[in-house]
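Enquirer: No letters, just coordinates:
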């Protein structure tokens, strides 16, 4: 099993080996190019995003700035929208469903570092190359979810379809479908029901 295979399977891996630094560098280059474009440069933005995110639906819209580690391990469904400063560290697969809204400054973070500093600190190979041991856990976000501004989702979490995650939340555990959840750590407040229909509010306008 090479280091890429270890990374994607959630095993401890060496991020300095088997072409991983080159893959990250290319993704970071494409992110920089994308972030330097104007919203009106639609064809240019689509071309860059197509090279960076090969598993994103063509209808996905990312405002930018946008940052990811690889891009290849991020899957995005149709009618996706992400606001400013969307960050995805896709060292393990990140899967986002259809009709998902992402607020500003949202981060999806799959990497995990050892708790003990003896295992976490930087090491050096005989040739002087620096490396560390880390591992990652996948993230899944179901259809029809809204993650409000400044939400952070930690590796290993699944957010069920139809959820709303309140601003500033840090999601460290699974959230069941159709939940309104907030806080750090994020906890379910209640289920979202027909009583939350916006029709009554619209009628008052």
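Expert: Ah, there it is. As the structure is a computational prediction, the values presented were derived from the model and not from experiment.
Enquirer: Longest helix in this structure, by number of residues?
Expert: helix 20-35 (DSSP state H).
Enquirer: same for that helix, what does it pack against?
Expert: helix 3-8, helix 42-52, strand 66-68 (3 or more CB pairs under 8 Å, 6 or more residues apart in numbering; DSSP states H and E). Where C-beta positions appear, they are placed from N, C-alpha and C, glycine not excepted.
Enquirer: Of these, flag the one that's most buried.
Expert: strand 66-68 (a mean of 20; mean count of other CB atoms under 10 Å).
Enquirer: Please state the offset of stretch 126-146 from the chain centre?
Expert: Put simply, stretch 126-146 sits 10 Å off its chain's centre (CA atoms, centre = their mean, to the nearest Å).
Enquirer: Looking only at that stretch, what residues are buried by neighbour count?
Expert: Buried residues in stretch 126-146, counted by 16 or more other CB atoms under 10 Å: 131, 134-146.
Enquirer: which pair in those spans the largest distance?
Expert: The largest separation in the buried residues of stretch 126-146, counting by CB to CB, is between 131 and 144 at 40.5 Å.
Enquirer: Could you report the distance from residue 36 to residue 165?
Expert: 30 Å (CB to CB, to the nearest Å).
Enquirer: Counting neighbours around each, name which of those two comes out higher.
Expert: Neighbours per residue (other CB atoms under 10 Å) separate residue 36 from residue 165, with residue 165 holding more: 26 against 12.
Enquirer: tell me which helix or strand of this protein sits lowest on mean pLDDT?
Expert: helix 199-204 (a mean of 68; mean pLDDT, DSSP states H and E).
Enquirer: Report the contact partners of the closest residue to residue 69 other than its chain neighbours.
Expert: Nearest non-adjacent residue to residue 69, counting by CB to CB, 6 or more residues apart in numbering: residue 89, 5.0 Å away. Residues counted as contacts of residue 89 (CB atoms under 8 Å, 6 or more residues apart in numbering) are 68, 69, 107, 108, 109, 110, 111, 136.
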